[in-house]
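In: no sequence for this one, just the structure:
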């Protein structure tokens, strides 16, 4: 195992990286080999993998700022990032299926993107997810067996050895939640009472079964968040061929003659153009990616015409197929205070709403403090409590991202459309029913005084579901890969009909993964980097 750097070595690296980036950003080149738009979970991976070749010049452009903040680095303080300058602050349209509620759709803004503001959960997705992507694209490289190998290469696993599933030599430091709360142990015991098997890890054999419960795997190292930016890109910021440009908005991709030639950026109120010799890679997330494509003239013709944007590529699937994990929060009052540990979310569970299903369609994470919706809070939130954050792993509802204006500073229209499909409502009933059964299990009796929300004796009817619904912040699918007319990118993540342009982030997923999307976005980055390097002989 690699010896960790000494404090002196760390300080020397930080000085060199800071000075190097100051030089590089003060004298931007007119052109780079590769321009990556977005320093989030996927973009950070791609930047590192391309910069590993010293002959490649790489520009990583990020609209947000630095990740040097305690709200980012302290795992317990992640909720403070929501609604802050590190959040894009998107707001979904009022949803008639949620009784007119408009849900905040937080997405990370800054180095690391979502991986710098999320709950640090590392969840690979289920075998059936990846095999579905392989079938949709016709490329076995997206299948479970291939991706399992990628995960082993990526991980520096700190738990019990499991060489069949886990790797130990990669850049991503992954560890089980350390010294978890007794509430996490109670959840695993409660699951056992209901016949749900316990696993050593949620990312081993459990990913190939009908579900189970386990202590959460997290991206936390030495008590600090270990984001994908810190795992991948940051260690290369002292190199002359990687420029990391923060506080810079990509206004549009420049396309000439059916080829991406570069980007138009805005920095400190000044607009400029930078050329890309080889490729532009868009990794700005499932809301900003379709917006950027449409602002660049790529999208459904009618929508572009409506905003006076010249149509450079009629790609009707841009912005369509928006998916997210909708969740429903049930809350129990604690008999005495139990301070949260780690990130405050240390146990996870996947299960099936109906036994005949092939794979889990429900996901649960336990939160060690109360998390009501703005409506269910009116039912009374206990001073000390815990939450079962239960959600739909395979939602059938689909939403859409549309332009509100041709101005890149104007937020797009986000029509999340949650619970619009009747099957989702049926599955939601099963989800909340299981939440309540878990909370009522004998394992929780030493800790719990009562069910606060929905509330003992109160039904979890459809009105409650509409009031309780919140987002897991797992937006994806709006530039999906595939082979049909509504696909935006192909199996190699190349945008249809445009040379030199790829999309690599959660927007390419044909359907949302079974679980948190951070790890799948890292896989997308690794796959993209390998495809790019193969294409250009790097």
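Out: Looks like it came in fine. Since we're looking at a predicted model, the values are computed, not measured.
In: so residue 280, which state does it fall into?
Out: What DSSP: H, G, I helix; E, B strand; the rest coil gives for residue 280 is strand.
In: that one touches residue 259, doesn't it?
Out: No. The pair residue 280 / residue 259 is not scored as a contact, 9.8 Å apart, by C-beta atoms under 8 Å. Bear in mind the C-beta positions are built from the backbone N, C-alpha and C, glycine included.
In: those two: who's more crowded?
Out: residue 280 (30 against 14; other C-beta atoms under 10 Å).
In: so what's the more buried one closest to, chain neighbours aside?
Out: Spatial nearest neighbour of residue 280, chain neighbours left out: residue 260 (4.4 Å); criterion: C-beta to C-beta, 6 or more residues apart in numbering.
In: neighbours around the one you found, how many?
Out: By other C-beta under 10 Å, 25 other residues sit near residue 260.
In: for it, which residues make a bridge with it?
Out: Beta-bridge pairing of residue 260 under DSSP bridges involves residue 255.
In: now it: how far from residue 364?
Out: Going from residue 260 to residue 364 by C-beta to C-beta, to the nearest Å gives 42 Å.
In: same check, this time on residue 34
Out: If you measure residue 34 against residue 364 using C-beta to C-beta, the figure is 40 Å.
In: so how far is residue 286 from residue 44?
Out: For residue 44, the distance to residue 286 - C-beta to C-beta - is 17 Å.
In: same question, residue 27
Out: From residue 27 to residue 286 the distance is 34 Å (C-beta to C-beta).
In: out of these two, which sits in the busier spot?
Out: Set residue 27 next to residue 286 and count neighbours by other C-beta under 10 Å: residue 286 wins out with 30 against 8.
In: please enumerate the strands of the stretch 351-500 of the chain.
Out: 362-367, 385-392, 399-402, 413-415, 448-453, 469-471 (DSSP state E, counting those that start in this stretch).
In: please enumerate the shared neighbours of residue 280 and residue 259.
Out: Common contacts of residue 280 and residue 259 (C-beta atoms under 8 Å, 6 or more residues apart in numbering): 500, 501.
In: which residue ranges of the stretch 51-200 of the chain form strands?
Out: 58-61, 90-91, 104-105, 155-157, 172-176.
In: out of those strands, flag the one nearest residue 420.
Out: Smallest distance to residue 420 across the strands of the stretch 51-200 of the chain (C-beta to C-beta): 15.8 Å, for strand 104-105.
In: quick check: neighbours of that closest one in the sheet, parallel or antiparallel?
Out: strand 90-91 (antiparallel).
In: run the chain-centre distance for the strand it pairs with.
Out: Distance of strand 90-91 from the chain centroid (C-alpha atoms, centre = their mean, to the nearest Å) equals 16 Å.
In: what mean pLDDT does that strand get?
Out: Strand 90-91 carries an average pLDDT of 97.
In: run through who's touching that strand.
Out: Under C-beta under 8 Å, 6+ apart, the answer for strand 90-91 is 102, 103, 104, 105, 106, 107, 287, 411, 412, 414.
In: not counting sequence-adjacent ones, nearest residue to the first one?
Out: Okay, so that is residue 102. Leaving aside its sequence neighbours, residue 102 is closest to residue 94 (4.7 Å, by C-beta to C-beta, 6+ apart).
In: mind listing what's buried in stretch 299-307?
Out: Using 16 or more other C-beta atoms under 10 Å as the test for burial, stretch 299-307 gives 299, 300, 303, 304.
In: check stretch 281-297 too.
Out: In stretch 281-297, counting by 16+ other C-beta under 10 Å, buried: 281-297.
In: among those residues, which are located in strands?
Out: Within the buried residues of stretch 281-297, residues falling in strands by DSSP state E are 281, 282.
In: any idea which residue of the chain is furthest from its center?
Out: Residue distances from the centre of the chain (C-alpha atoms, centre = their mean) peak at residue 457, which lies 36.4 Å from the mean C-alpha position.
In: next up, the contacts around that residue.
Out: For residue 457, no contacting residues are found, by C-beta under 8 Å, 6+ apart.
In: what sits against the closest residue to residue 77 other than its chain neighbours?
Out: Setting aside the residues directly before and after it, residue 77 is nearest to residue 71 in space (C-beta to C-beta, 6+ apart), at 4.7 Å. Residues in contact with residue 71 (C-beta under 8 Å, 6+ apart) are 77, 78, 80, 81, 84, 86.
In: now the residues you listed: which count as buried?
Out: 78, 81, 84, 86.
In: so the first one is in contact with residue 120, correct?
Out: The one in question is residue 78. Yes. Counting by C-beta under 8 Å, residue 78 touches residue 120, with 7.3 Å between them.
In: quickly list what's touching both of those two.
Out: Common contacts of residue 78 and residue 120 (C-beta under 8 Å, 6+ apart): 225, 343.
In: part of a strand, is residue 262?
Out: Yes. Assessed with three-state DSSP, residue 262 lies in a strand.
In: show me the domain layout of this protein.
Out: 7-68+228-319+477-536, 178-215+325-472 (automatic domain parsing).
In: pLDDT of the longest one, averaged?
Out: Averaging the model's pLDDT scores along domain 7-68+228-319+477-536 yields 97.
In: what's the first-to-last distance across that domain?
Out: 39 Å (C-alpha to C-alpha, to the nearest Å).
In: what do you get for the shortest one?
Out: Terminal residues of domain 178-215+325-472 lie 23 Å apart, using C-alpha to C-alpha.
In: and for stretch 134-141?
Out: 7 Å.
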